[in-house]
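> sequence and predicted structure, then a few things I'm wondering about:
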Amino acid sequence: MQTNYKDVSEENYRSQYIKQDRAQVRKVVRIMLWAFIPLMLVDVLFHDFDLTLAALVIMRVPVFVYSLWLIRQYGTIENVPLLDSYALRWIVLVLLTQFISNTCLPTDYFGHYMVDAWLVLMAFISLPLALQALRIPLFVFVAASCFLVLYKQSSTFSQAASVVLILPAIAITGHAIAAYVHRYRKKLLSAEQELERQANCDPVTGVANWREFMRISDAELQRHLRLGKQLSMLVLDLEDFKHINDLHGPQVGDVILVEVSRRVKRVMRSYDCIARFSGEEFCVLLPEASAQDARRIADRTRATVIAMPISVSGREMKVNATVRTATLREGDTASSLLQRAGESQPSGKQEREQTGNLEAVSV
C-alpha cells in the first residue's frame, strides 16, 4: 500500500542534502578539469598555431581557474543559494566555452557533438541544482548546437539529422532522469522526517514522548549550566485518570489527554517543551525559568487545565490535576531534576482538596 507523506519544501530539501551535494559538485568539477586536456587537444589537432588556437587556449584558462576556485568554495561554504549561483555560473561558462570551440572547428567535423551530448547528460544528472535553473542554459546550448549544424557541410544528410535528433533526445532524457532523482530524494526525505517525527512524538497527543523530552532536556541542561542560567521542570499529573479510563474506555481517556495537552500548550511559552511522560503525566521543560517563575507557570497551568469540563461523547468530564515543579541545582542531571519535580510539593494543594478528584457528569 502506497503511503503519502507530507511534502518537504525546496529549501528544506536542499539544506538536508547539502553535504552530499557539495561532494557531488566537487566530483563533477574535477571530472571536467580532466576533460579539459582532451578538449584542448582537439583544438590543437584542428588548428595551426595561430591566433584562433591562442584565443581558444586563453579562453579555457579562466574556466580552469574558476573550476579550481569552485572546488574550494564547495569545500568551505554552506550557504546553499550562494553555492547554487556559483555552480550555475560555472556550467554556463563551460557551455559557452564549448560552443565557441565548436564554432571554430572545421565545418565538416561532427565529432564534437559526442562531447556536447556527454556534457549535457552529465550536467543534468550529476549537478544537484534546481532543475528550473539548470534547464535554461542546457536547453539553450542544445538549441544553439542544433542550429550550428545548419552551417556544417555534412557529407550525408543522415549524419546531420542524427545530430539534430540525438542532442535534444539526450537533453530530454537527462532532464527526465534528474527530475525522477529529485522526486525520489524528496519522497525519501519526507518519509525519513515522518518516521523521525513518529519516533519522537506521543501517538495520542502529538507532543514529544519521553525519549525526545530527555534528549532535549539533556542538551538544555548542559547549555544552562554552561551559561549559568536557571532552568526548571514541571510535572502535571491527572488525578484518578486510570479510574476514568477504566470506567468510560480508552477512547474517552485519549480525548481527555489530547485536550489537556492542548490546554497546557496554550499556557506554555513558545520555547518550552511539553511531553507525555506516562499514561496520565505530562512534563514540561522551562528554559530560563527560576523557581518563582516555575511556580507561577504551574499555578497558571493547573488553573487552565481544570477551568472547564471536557466534553466527550455527550458527557462533560471535569478534570483535576496536580502540578509539581523543580529548579536546576548544581550537580543535577535531567533525570534527577525530573525526579525531584515528581516528588515535590504539588501546586495549589488546598484548592485541590476543595475541588476534589476527577468527576464525570452526564449532559
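In hand now; what should we look at?
> show me the shaky parts of the stretch 1-150 of the chain.
Of all residues in the stretch 1-150 of the chain, those with pLDDT under 70 make up the ranges 1-5.
> mind listing the helices for it?
10-16, 18-46, 51-76, 80-104, 112-126, 131-149 (DSSP state H, counting those that start in this stretch).
> contacts for stretch 292-311, please.
The contact list for stretch 292-311, computed with Cβ atoms under 8 Å, 6 or more residues apart in numbering, reads 230, 232-234, 236, 255-256, 259-260, 263-264, 266-268, 284, 286, 289, 316-327, 347-348, 355, 361, 363. Just so you know, the C-beta spots here come from the backbone N, C-alpha and C atoms, and that holds for glycine as well.
> deepest-packed of the helices of the stretch 1-150 of the chain, please.
Of all the helices of the stretch 1-150 of the chain, helix 112-126 carries the top mean neighbour count, a mean of 19, counting by mean count of other Cβ atoms under 10 Å.
> now that one against helix 131-149, angle please.
Interaxial angle of helix 112-126 relative to helix 131-149 (axes from the mean of the first three to the mean of the last three Cα atoms, to 10 degrees): 170 degrees.
> centre of the chain to helix 112-126, how far?
Distance of helix 112-126 from its chain centroid, counting by Cα atoms, centre = their mean, to the nearest Å, is 30 Å.
> avg pLDDT for stretch 284-293?
For stretch 284-293, the mean pLDDT works out to 92.
> need the distance between the two termini of that stretch.
This stretch, stretch 284-293, spans 13 Å end to end (Cα to Cα, to the nearest Å).
> distance from that stretch to the middle of the chain?
Chain-centre distance of stretch 284-293: 31 Å, with Cα atoms, centre = their mean.
> can you flag which of the contacts of stretch 292-311 belong to helices?
The helices, defined by DSSP state H, take in 255, 256, 259, 260, 263, 264, 266, 267, 355 from those.
> those, buried ones only, as a PyMOL selection?
Of the ones in helices among the contacts of stretch 292-311, the buried ones can be selected in PyMOL as follows, counting by 16 or more other Cβ atoms under 10 Å:
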select buried, resi 255+256+259+260+263+264+267
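> redo the ones in helices among the contacts of stretch 292-311 as JSON lines? Include distance to residue 174 and pLDDT.
Compiled in JSON lines, the ones in helices among the contacts of stretch 292-311 are given as follows (distance: Cβ to Cβ, whole Å; pLDDT from 0 to 100):
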{"residue": "255", "distance to residue 174": "53", "pLDDT": "89"}
{"residue": "256", "distance to residue 174": "56", "pLDDT": "88"}
{"residue": "259", "distance to residue 174": "54", "pLDDT": "90"}
{"residue": "260", "distance to residue 174": "55", "pLDDT": "90"}
{"residue": "263", "distance to residue 174": "55", "pLDDT": "92"}
{"residue": "264", "distance to residue 174": "53", "pLDDT": "91"}
{"residue": "266", "distance to residue 174": "52", "pLDDT": "89"}
{"residue": "267", "distance to residue 174": "55", "pLDDT": "88"}
{"residue": "355", "distance to residue 174": "70", "pLDDT": "41"}
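> of the contacts of stretch 292-311, grab the buried ones for ChimeraX.
Restricted to buried positions by 16+ other Cβ under 10 Å, the ChimeraX selection for these reads:
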select :230,232,233,234,236,255,256,259,260,263,264,267,268,284,286,289,317,318,319,320,321,322,323,324,325,326,327,347,348
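> run a quick neighbour tally on the closest residue to residue 6 other than its chain neighbours.
Nearest residue to residue 6, sequence neighbours excluded (Cβ to Cβ, 6 or more residues apart in numbering): residue 190, at 6.1 Å. Using other Cβ atoms under 10 Å, residue 190 has 18 other residues around it.
> how much space between the closest residue to residue 317 other than its chain neighbours and residue 285?
Using Cβ to Cβ, 6+ apart and skipping the chain neighbours, the partner closest in space to residue 317 is residue 310 (4.6 Å). Distance of residue 310 to residue 285, computed by Cβ to Cβ, to the nearest Å: 25 Å.
> cheers, nothing more for now.
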